[in-house]
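**Student:** Please work out how this folds:
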Amino acid sequence: MGGAPAGTAGIYDAALHKRQALMGKSGPSALWKNFRVFRIACFACIGGVLYGYNQGMFSGVLAMPAFEKRMFLFFTLLISIGLKDRERKG
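**Tutor:** Residues are numbered from 1 along each chain as shown. Reported below is the predicted structural model:
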């Protein structure tokens, strides 16, 4: 049922061992061995934390009554200016 044809297991084992030799160790100990990868991983983690913090702050600001009041006036002004421009052009 499926699987590799008879006699080809040695080829796949050789390819697996070659891949593992090129990869090196995996897991946390590999990060200490390759410090560049560790720095890139740390930089990516910090970026994710800052992005999440930023999203949380903006969602809090968007729910503030003062923000809604001020932006309502701003968008009302923009809509009225846009309509006036359309009337002049059209």
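**Student:** same for the longest helix seen in the chain, what does it pack against?
**Tutor:** Across the chain, the helix with the greatest residue count (assigned by DSSP state H) is helix 35-62. If you count contacts as 3 or more Cβ pairs under 8 Å, 6 or more residues apart in numbering; DSSP states H and E, helix 35-62 packs onto helix 28-33. Just so you know, the C-beta spots here come from the backbone N, C-alpha and C atoms, and that holds for glycine as well.
**Student:** what's the average pLDDT for the helix it packs on?
**Tutor:** Looking at helix 28-33 alone, the average pLDDT works out to 73.
**Student:** Please name every helix or strand in contact with it.
**Tutor:** Secondary-structure packing of helix 28-33 (3+ Cβ pairs under 8 Å, 6+ apart): helix 35-62.
**Student:** any idea how far the helix or strand just after the helix it packs on is from the chain center?
**Tutor:** Counting by DSSP states H and E, the next helix or strand C-terminal to helix 35-62 is helix 65-89. Relative to its chain's centre, helix 65-89 lies at 34 Å (Cα atoms, centre = their mean, to the nearest Å).
**Student:** Let me know the average pLDDT across helix 65-89.
**Tutor:** Here helix 65-89 scores 72 as its mean pLDDT.
**Student:** Having no further points to raise, I will conclude here.
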